[in-house]
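In: What follows is a predicted protein model with its sequence.
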Amino acid sequence: MRAKTAEGERDIYADLVIGADGRHAITHTRANLELRDFGAPIDVLWMRLSKRPDDPLQSLGFFQHGKLLVLLDRGDYFQVGFVIPKGDLDQIKQRGLPALHRDIIQLGPFLQDRITELDDWSKIKLLTVQINRLKKWCRDGLLCIGDNAHAMSPAGGVGINLAVQDAVATANLLAAKLRERAVSVTELEEVQKRREFPVRFIQALQVQIHSRINGRTSGAGNKLPFLPRLFLWFPFLRGIPARLIGIGPRPEHIHSPSIY
């Protein structure tokens, strides 16, 4: 691998390079690995608003006519995510901040007394949503994991969980071998075989979520899809999506090799 440093270019030699450089990866681009894009009709505006003692206790999200406002409790403030149609940020800016304020308040009316905290566009960050995955995660001397191998939507917040699980699976399958020798492409492919099922499963769910929540006003009404409504009607079922989000359909556990 060749790197540019303050002292000039350096050649770095390794038995294996792990590409964990995220969804805008240089490694898989330079390696000419084929990327399959499944499309995401949304982007997300991230911002923060202060939290008040009398705010509603259940304030995770508000859904209405295809629009979604997400509030993550950070103690003394809310991390706010507002779903918009993909590529519509310039149009939203042309409408002006007051129009964006109204759109947010329409979904979360209790935020009206602090919405003017968003008084400059620099306080609002754009998260470009992607759902994609590499057809092959590796080639000789290179293995891609995490967002590099499979960019996830923020829906469910599972991207970091899957990335960490990729790393654990990689260590379990390759660490002992790398103590002795370089690993073959066939051995690298075992990581993809192990991790591709949970990635496919979660991405399929995210595509379905985006078909319902796309940031555009729709005629679908305010009702959530049937499955999420089941979780509202029967609280004991909520552990199912919590387990899928927190642990995933294929949990990974560290298996340290014996050291002699």
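Out: Okay, I see it.
In: make it CA atoms for all contacts and neighbour counts henceforth
Out: Noted.
In: Residue 64 against residue 107, yeah?
Out: Yes: look at residue 64 against residue 107 with CA atoms under 8 Å: they come within range, at 7.0 Å.
In: For the chain, which segments are assigned as helices?
Out: Shown for the chain, the helices assigned by DSSP state H span residues 27-30, 89-95, 97-107, 159-178, 185-212, 226-233, 239-246.
In: Looking at the ones you listed, which is nearest to residue 133?
Out: helix 185-212 (8.5 Å; CA to CA).
In: show me where pLDDT drops low in the stretch 101-250 of the chain?
Out: 155-157, 214-242 (pLDDT under 70).
In: returning to what we had before: determine which stretch of the helices of the chain is the most buried.
Out: Most buried of those, by mean neighbour count (mean count of other CA atoms under 10 Å): helix 159-178, with a mean of 18.
In: Next, the residues that contact that helix from outside, please.
Out: Contact with helix 159-178 is made by 15, 145-147, 151-153, 183, 187-188, 190-191, 194-195, 199, 245-248, 251-257, as judged by CA atoms under 8 Å, 6 or more residues apart in numbering.
In: one more time with 7 Å
Out: Contact with helix 159-178 is made by 145-147, 152, 183, 191, 195, 246, 252-255, 257, as judged by CA atoms under 7 Å, 6 or more residues apart in numbering.
In: residues contacting residue 134?
Out: 33-36, 149-150.
In: Filter the residues you listed down to the buried ones.
Out: 33, 35, 149-150 (16 or more other CA atoms under 10 Å).
In: What is the most widely separated pair among the residues you listed?
Out: Most distant of the buried ones among the contacts of residue 134, by CA to CA, are 33 and 150, 12.2 Å apart.
In: ok so, going back, any chance of CSV for the helices of the chain, columns distance to residue 9?
Out: Listed next are these as CSV, based on distance: least, CA to CA, whole Å:
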stretch, distance to residue 9
helix 27-30, 17
helix 89-95, 39
helix 97-107, 46
helix 159-178, 27
helix 185-212, 28
helix 226-233, 53
helix 239-246, 41
